[in-house]
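Asker: Pasting the sequence and the predicted model now:
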Amino acid sequence: MLQKLINSVQETIVSFRAGVKAEGEPLHRKQCITKRCTNLEKGDFVLFHYDVDHVKALGDVIQKESVAWNLPIGKFAAQADTLCLYLDKKVTFKKCFHEILNNGADYGKMPGQAGKVACVTSSLLPTTPSAVTLSQLRTALLSLHVEKLLAANGFQVYNSNGGCQSSVLSLFDVVALDAASSAGPVSSLHEETADVNSVRDKLLEVASSSPFTVGNQQTSQADEMLPVSKDKATAMAIDAKMFLEHQKLRRGGQGYDKNIGLINIKVAEAWSSVFEQVVTLEAARERLNDKAPSVVVHVTAVGRQFHQQQVDLLWRLLGNLPIPQTHVVHGRVASQKDRGNVNGLSAADFVKLRVEQMKEASVVKYGDHVKGEGWEKTIGVTTSGVIKFELLGTTPILNVKLDLSEKGHPLNNKGGSFVLYNYARLSTLFQHFEEDVEIEVYPELPSLEDTDVGLLTEQEEWALLFNYLLPFPSIVEGCVGKFDPSTPESSIQAHKICMFLKDLSRDLSLYYGRVHVLVESREHLFPVMFARLHLLQAVKQVMGNALALLDITPPTQM
């Protein structure tokens, strides 16, 4: 809704300026409308440095035309060369609430579109839960988050490395936490059986006739070799540098690594690990039948980036795959200075540490009440969510620095635990309201149609809607962006959902701490309470939708 409104305003400005020019007035540089995030009392949108003589006339035109828009402009203010636009708050509240209520868990998602098929793969290797490293855990969680972001943007998503990913994420089961779930719109291809040998033979046939193939040579880069099960053909490699130039793909900087030269297919009697991964990917692609991928997303640790770029290029060549392949690369997992040592710490050890710290923090806060199956589940779910925030809340390419000290338990920060606490706060609020309805302290919450949302006059209430509820679909869409087929650099911004939730929780906490939502049982106070409950119901739904994109099951109590 919000982006559509901005586009409509922009089109009106362009049309108005064209009319001004037709009357002989000079047409200056392009004018763009800006959405405010703070100081909303000064306008929701602002246009700076407009022609002084026409700024008020432009405001009149925008307000008049907006009557037919989904979100109309309620008023405007023209001051010198600046135009400030204010949405009709009552209409916007009601339409946004309706949109969230009608779509529920699908609010923020785009409908699926024919031809939008994404294949997600990663650099993960087979392992067991006890042997999983922190870097592998970050890769698996990031891969799962990317899958959910793509699905929310209308892609049919397939995971070609789901077996390794499930193996890594199963460590949450080992320590009795809320298990990560890849269920939903993402399909895994790893369980299917395929004639890998026939796929390998087909790719070797392509390689043998390719002008980019050279024989009896080996790359200067270390390449893990895998034993050959069958064919003992001559050593073979691909001249990737020549292939990059031929395909006009970028090298260096934001492009492919400038040190990629020859990519081994086979040396002596061993297939290269790069080639074997390409065989697996091509076999997975064949299982899609007519659902050919329109983009391939590689999720990899920075230490495996070079390897994964080789996989990308070899698959492009042997699989005749002229589609974008984008690489989401993440940094290392380290420890904060003087806050413990990450060396030798397995992912399972880290998860167990966080569980114990969460239990300790809960006992300090709630005392002897912390016992029984319900509390065990709450602690497990909360710890799982906090860990995901710790590993996903940083821009992927940057290192994650963990606080592993004794006092570094998850409740000491304003990250995941703060977000989950605020969600649980809302759950408790509605639980208390329902209990009071049962004993007739309050009447039932009226429908949105019978609620006067015009009573939401606090600036914080408008900020919650305007900065979070309304733009949430655009934020989800912006996390993926556009794919450039000439470069492996990723446009996927996998940290934005965590940032969104942290900012929303901060503003929600300030509002919730200042305003008493559940008022005294007096009839004249009910209308405002009902309007605020509808607002917080919408906030809770959006928070739940955002947490689902992180594969986090939010606790209902903390």
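Answerer: Sure thing, it's come through. Residues are numbered from 1 along each chain as shown.
Asker: Phe433: what's it in contact with?
Answerer: Counting by Cβ atoms under 8 Å, 6 or more residues apart in numbering, Phe433 touches 442, 445, 518, 533. (C-beta placed from N, C-alpha, C; glycine too.)
Asker: Leaving out chain neighbours, which residue sits closest to the first one?
Answerer: The shortest distance from Tyr442 to any non-neighbouring residue, by Cβ to Cβ, 6 or more residues apart in numbering, is to Asp436 (5.0 Å).
Asker: Could you do Leu125 as well?
Answerer: Cys164 is the one closest to Leu125 (Cβ to Cβ, 6+ apart), at 6.4 Å.
Asker: That neighbour touches Thr128, doesn't it?
Answerer: No: applying Cβ atoms under 8 Å, one finds Cys164 not in contact with Thr128, separated by 11.0 Å.
Asker: For stretch 500-518, buried residues please.
Answerer: Residues of stretch 500-518 classed as buried: 500-502, 504-505, 507-509, 511-512, 517-518 (neighbour count, 16 or more other Cβ atoms under 10 Å).
Asker: So which of the residues you listed are in helices?
Answerer: Counting by DSSP state H, the part of these found in helices is 500-502, 504-505, 507-509, 511-512.
Asker: What strand or helix carries Leu345?
Answerer: In the assignment (DSSP states H and E), Leu345 maps to no helix and no strand.
Asker: Got phi/psi on it?
Answerer: phi -90, psi 120 (degrees, to the nearest 10).
Asker: Could you pull out the helices in the stretch 301-450 of the chain for me?
Answerer: 305-318, 347-366, 373-392, 416-438 (DSSP state H, counting those that start in this stretch).
Asker: Would you indicate which residues of the third one are buried?
Answerer: Of the residues in helix 373-392, those scored as buried under the neighbour-count criterion (16+ other Cβ under 10 Å) are 375, 378-392.
Asker: List the single closest residue to Gly154 in space, sequence neighbours excluded.
Answerer: Nearest residue to Gly154, sequence neighbours excluded (Cβ to Cβ, 6+ apart): Met110, at 3.9 Å.
Asker: cool, and Glu41?
Answerer: Per Cβ to Cβ, 6+ apart, closest to Glu41 is Gln459, 6.2 Å.
Asker: so how far is Leu124 from that neighbour?
Answerer: Per Cβ to Cβ, to the nearest Å, Gln459 is found 47 Å from Leu124.
Asker: Val519 now?
Answerer: 53 Å.
Asker: Among these two, which residue is more densely surrounded?
Answerer: Leu124 (24 against 14; other Cβ atoms under 10 Å).
Asker: what's near enough to touch the more buried one?
Answerer: Contacts for Leu124 were tallied using Cβ under 8 Å, 6+ apart; they are 136, 139-140, 143, 161, 164-165, 168.
Asker: Residue ranges in the chain under the pLDDT threshold?
Answerer: In the predicted model, the chain carries pLDDT under 70 at residues 20-31, 162, 173-194, 216-234, 338-340, 406-414, 558.
Asker: rewinding a little: how about the buried residues of stretch 500-518 in JSON lines, adding distance to Ser427?
Answerer: Formatted as JSON lines, the buried residues of stretch 500-518 follow (distance: Cβ to Cβ, whole Å):
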{"residue": "Phe500", "distance to Ser427": "19"}
{"residue": "Leu501", "distance to Ser427": "15"}
{"residue": "Lys502", "distance to Ser427": "19"}
{"residue": "Leu504", "distance to Ser427": "15"}
{"residue": "Ser505", "distance to Ser427": "14"}
{"residue": "Asp507", "distance to Ser427": "18"}
{"residue": "Leu508", "distance to Ser427": "13"}
{"residue": "Ser509", "distance to Ser427": "15"}
{"residue": "Tyr511", "distance to Ser427": "17"}
{"residue": "Tyr512", "distance to Ser427": "13"}
{"residue": "Val517", "distance to Ser427": "13"}
{"residue": "Leu518", "distance to Ser427": "14"}
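Asker: Just give the number of residues close to Lys248.
Answerer: Residues near Lys248, counting by other Cβ under 10 Å, number 8.
Asker: Now the phi/psi pair for it, please.
Answerer: Dihedral angles (degrees, to the nearest 10) for Lys248: phi 60, psi 40.
Asker: Identify the residues contacting the nearest residue to it once chain neighbours are set aside.
Answerer: Distances taken as Cβ to Cβ, 6+ apart place Ser486 nearest to Lys248, at 6.6 Å, with adjacent residues excluded. Residues near Ser486 by Cβ under 8 Å, 6+ apart: 248-250, 255.
Asker: surely Ala235 meets Ala268?
Answerer: Yes: judged on Cβ under 8 Å, Ala235 makes contact with Ala268 at a distance of 6.4 Å.
Asker: out of those two, which sits in the busier spot?
Answerer: Each of Ala235 and Ala268 has its neighbours counted (other Cβ under 10 Å); Ala235 has more, 16 against 10.
Asker: centre of the chain versus stretch 83-96, how much separation?
Answerer: 28 Å (Cα atoms, centre = their mean, to the nearest Å).
Asker: now do the same end-to-end measure for it.
Answerer: End-to-end distance of stretch 83-96 (Cα to Cα, to the nearest Å): 25 Å.
Asker: cool, stretch 44-51 as well?
Answerer: Using Cα to Cα, one end of stretch 44-51 lies 20 Å from the other.
Asker: For that stretch, which outside residues touch it?
Answerer: With contact meaning Cβ under 8 Å, 6+ apart, stretch 44-51 is reached by 6, 9, 13, 20, 25, 28, 31-36, 55, 58, 81-87, 466.
Asker: Would you verify that Trp271 is located in a strand?
Answerer: Yes: assigned with DSSP: H, G, I helix; E, B strand; the rest coil, Trp271 falls within a strand.
Asker: my guess is it meets Ile265, correct?
Answerer: Yes: between Trp271 and Ile265 there is a contact under Cβ under 8 Å: 7.2 Å.
Asker: quick one: contacts of stretch 535-548?
Answerer: Residues outside stretch 535-548 that contact it (Cβ under 8 Å, 6+ apart) are 93, 96-97, 100-101, 104-105, 107-108, 148, 385, 419, 422-423, 426-427, 429-430, 453, 456, 461, 464-465, 468-469, 472, 497, 500-501, 504-505, 508, 517, 553-554.
Asker: do stretch 62-70 as well
Answerer: With Cβ under 8 Å, 6+ apart, stretch 62-70 has contacts from 1, 4-5, 8-9, 12-13, 72-73, 75-76, 85, 95.
Asker: Go through it and flag the buried ones.
Answerer: Applying a neighbour-count criterion of 16+ other Cβ under 10 Å, one finds 62-63, 65-66, 69 buried in stretch 62-70.
Asker: In TSV, list those along with secondary structure and distance to Ile397.
Answerer: Listed next are the buried residues of stretch 62-70 as TSV, based on DSSP: H, G, I helix; E, B strand; the rest coil; distance: Cβ to Cβ, whole Å:
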residue	secondary structure	distance to Ile397
Ile62	helix	41
Gln63	helix	44
Glu65	helix	43
Ser66	helix	41
Trp69	coil	39
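Asker: which one of these is nearest Glu286?
Answerer: Nearest to Glu286 among those, counting by Cβ to Cβ, is Trp69 at 47.6 Å.
Asker: Sweet, I'm off.
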